[in-house]
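[1] Following is a predicted model, sequence given first.
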Amino acid sequence: MKIPRGVCEELLEMERRDLEETERLAKSGELEKYGYHPALQKLHERNCGRLGEIWERYGMPTLQNGGEEAVLAAWRIAQHAIGSPAFMRRFAAECDKYSSEEIPLRGRAYLADRIAFYERRPQAFGTQFDYELNGRMRVWWLLDEERTEERRARAGLPSLAEAKKRFEGYPRISEEEAARKRAEQEAWLVETGWCTGEDIARYYRVRGKI
């Protein structure tokens, strides 16, 4: 079923509000005060609910029934619905049923990596970065590094080296601050339902204290 033009425009407006609110909070310094800012959480939950309604009524937004802009907006809305693990997992699983000619692999790559990051699993495309306990920003755990560049190229992503230049330019923070951020993040992941304490313990057993 073709998604009506007005609904596609609604998706774009939802995405625009999300990006504008994030930028506003970042410029004001408010964004850094929270692991997940309450204003963003409220906006993301509202957008997620509406995207779910559109998906249920018209089907998954694709290049064929909604166009590229609507597809990208839907992907970003889903990727930002971090307080709704069940929705993100279901959305990602549904996206994987479609070809790259229907839903670009680029968006699916980011979504799959973000879910893996929150579930404390290795990522396939290397799109997620986080602070290590030494206070340095680094690419999150890779599934198999030797194939990462191949996957990124297939998804239309820049090289991992280019991505590292951007993220690893972040200022180093103290080890105390890094440990605090990690502890808050892990508590939120368990509370929200992304993973369990055992998932986190398994991560440290495999990766060590990094």
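    Perfect, thanks for sending it.
[2] Give the next helix or strand downstream of the helix or strand bottoming out on mean pLDDT in the chain.
    Ranked by mean pLDDT, DSSP states H and E, the helix or strand of the chain with the weakest confidence is helix 160-167, at a mean of 89. Using DSSP states H and E, the helix or strand that follows helix 160-167 in sequence is helix 175-192.
[3] just checking, what packs against the helix or strand following that next one?
    On the C-terminal side of helix 175-192, the closest following helix or strand by DSSP H and E is helix 197-207. Packing partners of helix 197-207 (3 or more CB pairs under 8 Å, 6 or more residues apart in numbering; DSSP states H and E): helix 175-192. In short, each C-beta sits where N, CA and C put it, glycine included.
[4] biggest helix in the protein by residues?
    Counting by DSSP state H, the longest helix found in the chain is helix 5-28.
[5] contact partners of it?
    31-32, 37, 39-40, 43-44, 47, 50-51, 54, 58, 61, 66-67, 69-70, 72-74, 76-77, 80 (CB atoms under 8 Å, 6 or more residues apart in numbering).
[6] Write a PyMOL command that selects only the buried members of those.
    This is how PyMOL selects the buried members of these, with burial counted by 16 or more other CB atoms under 10 Å:
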select buried, resi 31+37+40+43+44+47+51+54+58+61+66+67+70+72+73+74+76+77+80
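[7] Residue 184 and residue 209: what is the separation?
    Using CB to CB, to the nearest Å, residue 184 is found at 17 Å from residue 209.
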